[in-house]
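Asks: Provided below for reference: sequence and predicted model.
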Amino acid sequence: MSNYYQPEIECASVEELKKIQSEKLVAQVKRVYENVKYYRDLMDEKGVTPDDIKSIDDLHKLPFLTKADLRDAYPYGLLGTDLKNCVRIQSTSGTTGRRVVAFYTQKDVDMWEECCARAVMAVGGTNEDVCQVAYGYGLFTGGPGLNGGSHKVGCLTLPMSSGNTERQIQFMRDLHATILCCTPSYAAYIGETLKDMGLTPDDIDLKAGIFGAEPWTEAMRRDIEKSLGIKAYDIYGLTETSGPGVSFECEEQTGMHINEDHFLPEIIDPETGEVLPEGSKGELVFTSLDKEGFPLLRYRTRDICVLSRKKCSCGRTLIKMSKPMGRSDDMLIIRGVNVFPSQIETVLLNEGYSANYLIEVDRANNTDTLDVSVELTPEQFSDTVKDLSAKEKSLANAIKTMLGINPKVHLVAPKTITRSEGKAVRVVDKRKLHD
Ligand code: DLL
């Protein structure tokens with residue numbers, strides 16, 4: 001049986017949800033038009049006024065916001081209220097040179113924490129649980145978001161932040177943590193460390209994990225579930241809209257329910273900006289329906305995914321999004337071929353290798369090179385040494401079958417690839433350094 005934090009919303013009929021969304025949208029567009037000159041100018045340029053927006057059916061009339069707008073308007077240009085009404089910022093340094101600074105009023109913080117509380121309850125959390133939050137705390141939204149959600153549910157919250165892995169395991173054991181929140185790559189590392197310490201899942205009390213902030217595959221889910229003896233659930237979000245909890249997985253584990261009473265989703269064609277029908281694969285766009293501090297309308301996330309209203313066995317009616325299938329700006333173009341790092345990860349895991357790998361792209365003699373270093377487990381290492389090059393060749397072939405291009409594969413000794421305590425860095429594109 002599923003637990004809900006706000007059943008009246010999470011299980012509302014689609015008609016009710018759409019009514020709530022329309023009412024909020026009309027009010028939000030008025031507020032943004034009045035308070036945010038940057039967006040008012042964009043609307044004026046497009047010839048749209050708040051009076052043109054009567055329901056969510058008019059959403060497509062509004063202009064998009066992009067990362068470039070966030071840069072242009074940095075730091076205060078998209079503030080939706082007086083700075084004196086704001087109580088917090090969160091920020092991301094980003095890997096591609098973007099720095100987002102988002103502002104929150106107290107109401108925004110409460111709403112965000114409620115979204116995270118829905119996620120905690122969806123994995124079975126109650127006030128009897130002990131929730132270990134091992135996402136980073138500070139400017140990153142992961143720690144503060146899940147911390148707030150865990151409090152709202154009434155779990156005993158362990159605000160560990162990331163890092164110091166053996167201490168994490170010690171607290172986990174001594175205080176009987178039942179729910180773990182961190183990035184999937186850190187969860188995998190914690191699982192590995194547990195084993196290195198001579199412990200098994202029977203030595204801990206964890207039952208569920210809430211993992212997100214970076215792409216991860218189904219194969220990685222299975223590995224983490226096994227190494228920690230838990231059910232692993234996905235959670236999605238971004239600093240621009242609030243942080244974690246924009247969407248969350250339920251017991252069905254088949255995609256994430258979007259908190260669409262707060263974040264109105266659309267899927268668009270990333271090339272043309274055209275809105276695509278439900279079920280199409282495209283770029284996810286969010287409109288914050290009631291944020292006050294940083295109220296972004298039609299914000300283009302760059303995340304590629306699919307939306308679905310298919311009935312969910314958990315009883316929630318909130319629309320679901322698939323796992324992001326990569327970001328339109330994470331895509332590598334190698335020898336003219338579009339490559340998503342997740343495709344390579346899928347091959348590695350399917351071939352029985354670990355998710356400890358590094359993809360390096362470079363250019364030699366005007367040709368792109370693709371090197372994939374993959375770490376062997378101690379067991380694989382001891383019986384691989386003799387036929388290392390045959391194994392490398394066979395893995396290279398499997399990757400070639402998936403991508404259509406030939407990589408150079410390097411199988412490396414255990415523990416030689418740096419572990420991640422936050423978002424993993426798995427791609428190094430050296431070509432950019434030469435530009
Ligand atoms: O990563 C917020 C977050 C914290 C989400 C903790 C979940 C858990 P940013 O640092 O702004 O915010 O990065 C947002 O990370 O646009 C996606 O590309 C990626 N991302 C977030 N969650 C997932 C996920 C946080 N579950 C960017 N799967 C987003 C795949 C994800 N990618």
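Replies: It's in.
Asks: quick one, domains of this protein?
Replies: With domains defined by automatic domain parsing, the chain comprises 1-327, 332-434.
Asks: Please say whether there is contact between the shortest one and the ligand.
Replies: Right, the one you point to is domain 332-434. No. Contact between domain 332-434 and the ligand, assessed by Cβ under 6 Å from any ligand atom, is absent, since the two come no nearer than 7.0 Å. From N, CA and C alone the C-beta is placed, and that goes for glycine too.
Asks: Can you get me the centre-to-centre distance for that domain and its chain?
Replies: Domain 332-434 has its average C-alpha position 23 Å from the chain's average C-alpha position, going by Cα atoms, centre = their mean, to the nearest Å.
Asks: Ok, the longest one next?
Replies: The gap between where domain 1-327 is centred and where its chain is centred comes out at 7 Å by Cα atoms, centre = their mean.
Asks: average pLDDT across that domain?
Replies: Looking at domain 1-327 alone, the average pLDDT works out to 96.
Asks: circling back to that earlier point, would you list the domains of the chain in CSV and tack on mean neighbour count?
Replies: Formatted as CSV, the entries for those read as follows, by neighbours: other Cβ atoms under 10 Å:
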stretch, mean neighbour count
domain 1-327, 19
domain 332-434, 16
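Asks: Check the spacing between the closest residue to residue 332 other than its chain neighbours and residue 164 real quick.
Replies: In this structure, residue 332 finds its nearest non-sequential neighbour in residue 339, 4.6 Å apart by Cβ to Cβ, 6 or more residues apart in numbering. As for residue 339, its distance to residue 164 is 35 Å (criterion: Cβ to Cβ, to the nearest Å).
Asks: Kindly report the same for residue 407.
Replies: Distance from residue 407 to residue 164, by Cβ to Cβ: 35 Å.
Asks: So which residues on this protein come close to the ligand?
Replies: Listed as neighbours of the ligand in the chain under the rule Cβ under 6 Å from any ligand atom: 92, 135, 141-142, 212-215, 234-239, 243-244, 301, 303, 323-324, 327.
Asks: Let's see that with 8 Å instead.
Replies: By the criterion of Cβ under 8 Å from any ligand atom, the positions of the chain lying close to the ligand are 92, 94, 100, 135, 140-142, 145-146, 181, 183, 210-216, 234-240, 243-246, 256, 301-303, 323-324, 327, 330, 423.
Asks: quick one, helices of this structure?
Replies: Remark: helices assigned in the chain by DSSP state H are 7-10, 14-35, 37-46, 67-73, 106-122, 142-153, 165-174, 184-196, 218-228, 341-350, 378-382, 388-403, 431-434.
Asks: Now distance to residue 363 too, for the ones you listed, in TSV please.
Replies: As requested, the helices of the chain are arranged in TSV below (distance: least, Cβ to Cβ, whole Å):
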stretch	distance to residue 363
helix 7-10	50
helix 14-35	44
helix 37-46	38
helix 67-73	26
helix 106-122	42
helix 142-153	35
helix 165-174	37
helix 184-196	28
helix 218-228	30
helix 341-350	18
helix 378-382	31
helix 388-403	17
helix 431-434	5
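Asks: quick one: which of those is nearest residue 81?
Replies: helix 14-35 (6.4 Å; Cβ to Cβ).
Asks: Report the angle between the closest one and helix 37-46.
Replies: With axes from the mean of the first three to the mean of the last three Cα atoms, to 10 degrees defining the directions, helix 14-35 sits at 100 degrees from helix 37-46.
Asks: For helix 14-35, name the packing helices and strands.
Replies: With contacts taken as 3 or more Cβ pairs under 8 Å, 6 or more residues apart in numbering; DSSP states H and E, helix 14-35 sits against helix 37-46, strand 281-288.
Asks: of all these, which lies closest to residue 271?
Replies: Taking Cβ to Cβ as the criterion, residue 271 comes closest to strand 281-288 out of the helices and strands packed on helix 14-35, the separation being 9.3 Å.
Asks: Tell me the spacing between residue 91 and residue 239.
Replies: If you measure residue 91 against residue 239 using Cβ to Cβ, the figure is 7 Å.
Asks: shared neighbours of the two, anything?
Replies: 100, 102 (Cβ atoms under 8 Å, 6 or more residues apart in numbering).
Asks: tell me the contacts of residue 261?
Replies: 9, 12, 17, 20, 21, 24, 289.
Asks: For the ligand, state which of these is nearest.
Replies: The closest of the contacts of residue 261 to the ligand turns out to be residue 289 (Cβ to the nearest ligand atom; 18.7 Å).
Asks: wait, doesn't that closest one sit right on residue 258?
Replies: No. Proximity of residue 289 to residue 258 does not meet the contact threshold set by Cβ atoms under 8 Å, at 11.6 Å.
Asks: Just want the residue of the stretch 301-435 of the chain that's nearest the ligand.
Replies: residue 324 (4.2 Å).
Asks: ok, for that residue, nearest residue in space, not its chain neighbours?
Replies: In space, residue 324 is closest to residue 303, 4.1 Å off (Cβ to Cβ, 6+ apart).
Asks: ok, the one you found - contacts?
Replies: Taking Cβ under 8 Å, 6+ apart, we find residue 303 in contact with 238, 283, 284, 324, 327, 328.
Asks: All set now, cheers.
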